[in-house]
Structures are given as C-alpha cells and as structure tokens.
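Student: structure for the following, please:
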Amino acid sequence: MEPEIETAAQKLRGAGAVVALTGAGISVESGIPPFRGKGGLWETIDPMEFAHIDRFLEDPGKVWEVLIKGMKETLDPARPNAGHLSLARLEAMGKLQTIITQNVDGLHQAAGSTDVIEFHGNFAWQRCTKCGWRVETARVDLSVLPPRCSCGGVLRPECVFYGEMIPSHHLVRSQSLSASCDLMMVIGTSAEVQPAATMPVIAKHNGATVIEINPESTQLTLHVSDIFIRGGAGEVLSAVVDRLEELL
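Tutor: A predicted model of the protein is given here:
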C-alpha cells in the first residue's frame, strides 16, 4: 500500500467535518471528456460562441445543434464510476458531509450522494424557459431542435451558461463549509476556475488538512495540499475508502 493512501485514510478517520471538491477529472472514467485542457470540448467548440446565454437566447436551435445535443448524447449513457461510488460510501459511513462540484453530469447524485452543491448546475435536467416545467434530459426528444415544452417554450439545460451568475446561495454555503471543515478532499480538478478554486485555499487558511487526488500535480500541489496522491480518482478513492473501512 502506498504510504499516501494510509496517511489519507488515517486523516479521514480522525476528521470530524469532511468536504470534497470535485472537477472534470472524476468523471473522465465515466467516458465524459473535460471542457478544458487537452482533448477538452472547448478545443473544438468556442464557448463564447455556443455556451453563452446571449447566444442561446438569440438562436437556441443552433446552440442545441452544436453543443447541447452532443452533450446529451455523451451524458445519457454515462454511469457513476468507482470515484463517485467511493464518495457515496464515505457519506454513508458518516464521514463525508458535502460535495462541492464543478461538474454538470449529475453522477454524484446517481451514485447515491445526497448533499451535492453544483456550482455550474447540471445537464441532467431541462427546464422550460416559458413556464418552468422540468424534464430529465434523457427523456428529451431531439427530432426537432430546439426541443420545446407543451406550452411552446424552449427547453434549456439547468446549467449555468457563460454570462450567468453562479447561484449566490451555493457560493455562500460552499465558503462556509470550506471555512468550517477540518479536512477537504480535492479530486480531479486543476483548481484554476473561480470561485471553486478558492475553496481549498479557504479550507487551508482555516486549519483544514487538504488531500489532493489528481493524475498530475496542479497549482495546489506545492502551496495548498498537505497530501498529494497521484492517480485516477476511481482507483485512489477506492483504495482510501477500503483502508478507512478497515480502520473503523
């Protein structure tokens, strides 16, 4: 067993309030490519052109054709992987309080996690822009774009488009949890996108232990993280939680 796995499990055993911050890296193992970085969606699609709220309002059919349809086809078959399931296990064990995620795939909830703060909303549900009716994305018919509600309104994903604000209550609660936790797990994120990137810094400044799990080092590794475990989220989290179960 890697010494970092043992150390992380020991820290989790002694922690009273644990929060996880997750990014695109935890969902790559479920077949969902990241938005940013090499191989990311924004390499082929200009987010300012097709992921901005103004563009959606101007031409929702085009945004559905170029961006949302493709995301639906990627997310519909996606299932939680070992990383998502391990975090749900931590919650069931009474160790993990909340997940703060930058992801929009809804896989944490699908894995069984019940307290998830979605900074950027999610693509798992669509909402009518006219009457507010909601429907699961998997049930939306794409034969005509943009898809519409029975009232005639255009459907839109319950995500935060560029040009829209992150819900203030999500930000306030995330800041409060980060300041009060005694251990934060940072998983599959480069921590470069604000305001999520601030959460590990808040936790660190308030005395929390920061455990980072990533395939590569990030800007957090040298200056914020107390424990860095190099590897994929599924393999590492499974090993940590397995060891924690042995310790409890």
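Student: who touches the longest helix seen in the chain?
Tutor: Counting residues, the longest helix found in the chain (DSSP state H) is helix 233-247. Helix 233-247 is contacted by residues 1-2, 5-6, 8-10, 12-13, 22, 25-26, 29, 81-83, 86-87, 89-90, 93, 95, 187-188, 213, 229 when judged by Cβ atoms under 8 Å, 6 or more residues apart in numbering. Heads up, the C-betas are built off the backbone N, CA and C, glycines and all.
Student: and it, which residues are buried?
Tutor: 233-241, 243-244 (16 or more other Cβ atoms under 10 Å).
Student: kindly report the same for stretch 170-177.
Tutor: 170-171, 174, 177.
Student: taking the residues you listed one by one, which sit in strands?
Tutor: If you go by DSSP state E, the buried residues of stretch 170-177 have nothing in strands.
Student: so who does the closest residue to Val66 other than its chain neighbours touch?
Tutor: Leaving out its chain neighbours, the residue that sits closest to Val66 by Cβ to Cβ, 6 or more residues apart in numbering is Phe50, at 4.9 Å. Contact analysis of Phe50 by Cβ under 8 Å, 6+ apart lists 62-63, 66-67.
Student: if we can go back for a sec, columns distance to Gly152 on top of the buried residues of stretch 170-177, output as a markdown table?
Tutor: Formatted as a markdown table, the buried residues of stretch 170-177 follow (distance: Cβ to Cβ, whole Å):
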| residue | distance to Gly152 |
| --- | --- |
| His170 | 31 |
| Leu171 | 34 |
| Ser174 | 36 |
| Leu177 | 41 |
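Student: what ranges of this structure fall below the confidence cut-off?
Tutor: Within the chain, the segments meeting pLDDT under 70 span 1, 34-48.
Student: and it, what are its domains?
Tutor: 1-31+79-120+166-248, 33-77+124-159 (automatic domain parsing).
Student: out of those domains, deepest packed?
Tutor: domain 1-31+79-120+166-248 (a mean of 19; mean count of other Cβ atoms under 10 Å).
Student: returning to what we had before: in strands, which of the contacts of helix 233-247 appear?
Tutor: Of the contacts of helix 233-247, the ones assigned to strands by DSSP E are 22, 187, 213, 229.
Student: the second one contacts Gly83, doesn't it?
Tutor: Yes - contact criterion Cβ atoms under 8 Å: Ile187 and Gly83 qualify, at 6.8 Å.
Student: what residues are shared contacts of those two?
Tutor: With Cβ under 8 Å, 6+ apart, Ile187 and Gly83 have common neighbours 26, 233, 237.
Student: got those residues as CSV, with distance to Gly106 columns?
Tutor: Formatted as CSV, the shared contacts of Ile187 and Gly83 follow (distance: Cβ to Cβ, whole Å):
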residue, distance to Gly106
Ile26, 13
Ala233, 17
Leu237, 18
